[in-house]
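In: how would this look folded up:
(one chain, ligands or ions: 3)
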Amino acid sequence: MTDTILNLAPSLGERAKAALGKRNLVLVGLMGAGKSAIGRIVAQQLGLSFVDTDTEIERVSRMTISELFAAYGEDEFRALETRVIKRLLRTGPRVVSTGGGAFVNEKTRKQIERGGLSVWLNADLDVLWERVNKRDHRPLLKTENPKQTLKDLMDKRYPIYALADITVHSRDVRKEVIANEVLTSVIDYIGKDKTL
Ligand SMILES: Nc1ncnc2c1ncn2[C@@H]1O[C@H](COP(=O)(O)OP(=O)(O)O)[C@@H](O)[C@H]1O
Ligand SMILES: O=C(O)C1=C[C@@H](OP(=O)(O)O)[C@@H](O)[C@H](O)C1
Ligand SMILES: [Mg+2]
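Out: Numbering: from 1, shown residues only. Ligands and ions are numbered 1, 2, ... in the order given. Predicted coordinates:
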C-alpha cells in the first residue's frame, strides 16, 4: 500500500516539467559555473532533450570554439551563437546550456527572455577558477593572467547575469544537489508568478 502511494507521488523532475510547460529552460553564467554539466542532469530529470550551444555551434561549423575564435574572431562567433540559439529556442521545449557570453549579448538575451526561463548559475571566483584552470579550450582565458581575466569578466558580466529570471548558487557540492536546486527554483518561480 505504502509502495503504491510512493510510486504515484510526482518526482521533483515531473513537478518542474509541469511547471515549465512549453517553455525552454536556459542556463546562463560565467565559464566554469557548471552550465554544461548541470544542464545535462536537469534535462534528464525533466525528461527533456538537452543541448549545449557550444556543442551545437561546433557541430554546425565543423570547427572547435577555439578554431572559430582564431579564424573569424569573437564578433563572428557571437553572430553564429545568436543564430544557433534562436533556432534552438524555436524548436523546444528543451534544456539549453549557453556559452558564458551568450546572455551578455543583447540580441541573444532578448531571444532568451522571449523563448525561455533563464537560470543564472552564480559562482564565486575561486570555484570558477578551480574548474576552468584544468582545461585550456576556452579562448577568452588564453591571457597572461587568466584568473584576473575571469575576475574582470565577473565584474563586467554579473550585473547582466543578474537579469536572469532565477539565480542558483553554484558551489562545491555534488552536481545533483545543484540540479535539484534548479528544479526547485523553477517550481517556486512559476508558482509565485501567476502571470506565467
Ligand atoms: N557542482 C560541481 N561539482 C564539481 N564539479 C563541477 C560541478 N559543476 C561543474 N563541475 C565541473 O566543472 C567543470 C566546468 O563545468 P562546465 O559545466 O563545463 O561549466 P560551464 O559550461 O558553465 O563553463 C567541468 O569539469 C564540470 O564537470
Ligand atoms: O564566456 C564566454 O564568452 C565563452 C564561454 C564558453 O562557454 P562556457 O561558458 O560553457 O565555458 C564559450 O562559449 C566561449 O569560449 C566563450
Ligand atoms: Mg559550457
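In: for the nearest residue to residue 26 once chain neighbours are set aside, list the residues it contacts.
Out: Nearest non-adjacent residue to residue 26, counting by Cβ to Cβ, 6 or more residues apart in numbering: residue 116, 4.3 Å away. Every residue, glycine included, has its C-beta placed from N, CA and C. Going by Cβ atoms under 8 Å, 6 or more residues apart in numbering, residue 116 touches 23, 24, 25, 26, 89, 92, 96.
In: mind putting the residues you listed into JSON lines with pLDDT and distance to ligand 2?
Out: Shown next, in JSON lines, are these (pLDDT from 0 to 100; distance: Cβ to the nearest ligand atom, whole Å):
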{"residue": "23", "pLDDT": "96", "distance to ligand 2": "22"}
{"residue": "24", "pLDDT": "98", "distance to ligand 2": "17"}
{"residue": "25", "pLDDT": "98", "distance to ligand 2": "16"}
{"residue": "26", "pLDDT": "98", "distance to ligand 2": "13"}
{"residue": "89", "pLDDT": "96", "distance to ligand 2": "17"}
{"residue": "92", "pLDDT": "85", "distance to ligand 2": "19"}
{"residue": "96", "pLDDT": "98", "distance to ligand 2": "12"}
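In: of these, which belong to strands?
Out: In this view, the contacts of residue 116 that belong to strands under DSSP state E are 24, 25, 26, 96.
In: picking up where we left off before, now the residue nearest to residue 26: how far from residue 21?
Out: Distance from residue 116 to residue 21, counting by Cβ to Cβ, to the nearest Å: 11 Å.
In: could you do residue 12 as well?
Out: Taken as Cβ to Cβ, the span from residue 12 to residue 21 is 16 Å.
In: what do you get for residue 15?
Out: Distance from residue 15 to residue 21, by Cβ to Cβ: 12 Å.
In: between those two, who's got more neighbours?
Out: Counted by other Cβ atoms under 10 Å, residue 15 and residue 21 do not tie: residue 15 has more neighbours, with 16 against 10.
In: in contact with that one, which residues?
Out: Contacts of residue 15 were listed using Cβ under 8 Å, 6+ apart, and they are 183, 187.
In: just residue 157 next, same as before
Out: Contacts for residue 157 (Cβ under 8 Å, 6+ apart) come out as 30, 100, 104.
In: likewise for residue 12?
Out: 45, 180, 183, 184, 187.
In: quick check, nearest of these to ligand 1?
Out: residue 180 (11.4 Å; Cβ to the nearest ligand atom).
In: run a quick neighbour tally on that closest one.
Out: Using other Cβ under 10 Å as the criterion, the residues surrounding residue 180 number 18.
In: what residues does the chain put near ligand 3?
Out: Residues of the chain lying near ligand 3 by Cβ under 5 Å from the ion: 35, 36.
In: what about the helices in the chain?
Out: 2-8, 12-20, 35-46, 53-61, 65-90, 106-115, 125-132, 146-161, 175-192 (DSSP state H).
In: which of these comes out lowest on mean pLDDT?
Out: Here the helices of the chain differ in mean pLDDT, and the lowest is helix 2-8 at a mean of 63.
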